[in-house]
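I'd like to go over a predicted model; first the sequence, then the structure.
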Amino acid sequence: MTGLTYARSADLASASLPRLFAFTDPQRTPDPLALAGRLGPGTGLIYRHYGRDDLKALAKPLAQSARRNGFALLIAADPALAIRVKADGVHWPERLTGAIRRWRLKAPHLLVTASAHSPAALRRAARLADGVFLSPVFPSQSASAGAPLGLIRASSMARQVAKPVFALGGVEISDSPALEARGFYGAGAVEAFSSAISAASPSRQPG
């Protein structure tokens, strides 16, 4: 393997990675376990606990749900927790991608994804991770989201790296076929999954 010492081959990554990922958020995903209960084979969940102990405690039941329902579970920015609960992998925000090399050596069995928000960050993440979430592609309600890249620019960026690239930021689940036609391997979303769960839940008792 030349130049990709810490990353799997693109073929192996593609065989292991789902094409559709739900991301959790403390404000926009009030019930991660309910979200997990609606996922199944061919999907993945990236669980972000942001260092909160109450949210860390949900990692174990989420891992149990993943094994029961057949979806992939990745823990964001916490490889030690991912190993402890036997999750499938780790997701790294852009600012922490420098830690990937070290953890690849410690836990080579874990799937690794990373976030990127610029061409340089995308190229760096693609050298280290199995898949990269490029964001924000569309206008996003995330408090940390910057100006959207736009579909044309983001698509051009995605085609320039050899690893699977996922569209993230303002993505609807129904966008997936069009995104794949534009060169994205798959997509990730927060609001789209939360809205789907809210719509499926009874809003009130009949009067």
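Received the coordinates, thanks. Residues are numbered from 1 along each chain as shown.

gap between the nearest residue to Trp103 once chain neighbours are set aside and Asp175?
Of all residues not flanking Trp103 in the chain, Pro79 sits nearest, at 4.7 Å (C-beta to C-beta, 6 or more residues apart in numbering). All C-beta spots, glycine's among them, are computed from the backbone N, C-alpha and C. Note on Pro79: its distance to Asp175, by C-beta to C-beta, to the nearest Å, is 30 Å.

wait, what's in contact with Arg84?
Going by C-beta atoms under 8 Å, 6 or more residues apart in numbering, Arg84 touches Ala59.

For it, report the pLDDT, please.
Looking at Arg84, its pLDDT stands at 98.

For Pro136, see how far away it is.
Distance from Arg84 to Pro136, by C-beta to C-beta: 31 Å.

And stretch 45-64, how far out from the chain middle?
Remark: stretch 45-64 is offset 14 Å from the chain centroid, using C-alpha atoms, centre = their mean, to the nearest Å.

Buried ones in that stretch, by neighbour count?
Leu45, Ile46, Tyr47, Arg48, His49, Leu55, Lys56, Leu58, Ala59, Leu62, Ala63 (16 or more other C-beta atoms under 10 Å).

and these, which of them are in strands?
For those, the ones inside strands are Leu45, Ile46, Tyr47, with DSSP state E as the criterion.

Looking at those residues, which is nearest Pro148?
Lowest distance from Pro148 to those (C-beta to C-beta) belongs to Ile46, with 20.1 Å.

hang on, isn't the residue nearest to Trp103 packed against Val90?
Yes: contact criterion C-beta atoms under 8 Å: Pro79 and Val90 qualify, at 4.7 Å.

shared neighbours of these two, anything?
Residues touching both Pro79 and Val90 (C-beta under 8 Å, 6+ apart): Trp103, Ala107, Leu110.
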